[in-house]
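A.B. asks: the sequence isn't on hand, but the structure is:
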């Protein structure tokens, strides 16, 4: 499956979200290719565990800017924050850390936005 080219990505994603079919985005070749590239570039390591000095294989790639809030960034590995600083938008995480991020998303300060540069 491929991302449609007849409309902007964000428009297509908003329709998927509305229809509760966002899972279709994660089946596209574009997402699978970008996911593989992010994992490879960061050595398949969970970046949260790595920040604690532990090596754990990443199981997934987390969108820092959630697709539901920022569909325009769904296929962007990077974004520019409110200070004008380029930040990672896609971060490899193990399932445990990914669950932690989603459980504490409102309170948790992302480690990848700390002074430690990836």
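C.D. replies: Cool, the structure landed. Keep in mind that what you see is a predicted model, and the values were worked out from it rather than measured.

A.B. asks: what are the ranges of the helices in this protein?
C.D. replies: Secondary structure of the chain, counting by DSSP state H: helices at 9-18, 29-41, 47-51, 95-103.

A.B. asks: reformat those helices as TSV; add mean pLDDT and mean neighbour count.
C.D. replies: (C-beta placed from N, C-alpha, C; glycine too.) What follows is those, written out as TSV (pLDDT from 0 to 100; neighbours: other C-beta atoms under 10 Å):
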stretch	mean pLDDT	mean neighbour count
helix 9-18	98	15
helix 29-41	98	14
helix 47-51	95	19
helix 95-103	88	15
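
A.B. asks: nearest to residue 1, out of these?
C.D. replies: Ranking the helices of the chain by proximity to residue 1 (C-beta to C-beta) places helix 29-41 first, at 6.9 Å.

A.B. asks: in CSV, list the helices of the chain along with distance to residue 81.
C.D. replies: Shown next, in CSV, are the helices of the chain (distance: least, C-beta to C-beta, whole Å):
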stretch, distance to residue 81
helix 9-18, 19
helix 29-41, 18
helix 47-51, 17
helix 95-103, 17
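
A.B. asks: nearest to residue 89, out of those helices?
C.D. replies: With C-beta to C-beta as the criterion, residue 89 lies closest to helix 29-41 of the helices of the chain, at 9.4 Å.

A.B. asks: run through who's touching the closest one.
C.D. replies: With C-beta atoms under 8 Å, 6 or more residues apart in numbering as the test, helix 29-41 has contacts from 1, 2, 3, 25, 58, 61, 74, 75, 77, 90, 91, 92.

A.B. asks: ok and it relative to helix 9-18, angle-wise?
C.D. replies: 100 degrees (axes from the mean of the first three to the mean of the last three C-alpha atoms, to 10 degrees).

A.B. asks: just the buried members of the contacts of helix 29-41?
C.D. replies: Taking 16 or more other C-beta atoms under 10 Å as the criterion, what is buried in those is 3, 25, 58, 61, 74, 75, 90, 91, 92.

A.B. asks: sweet, I'm off.
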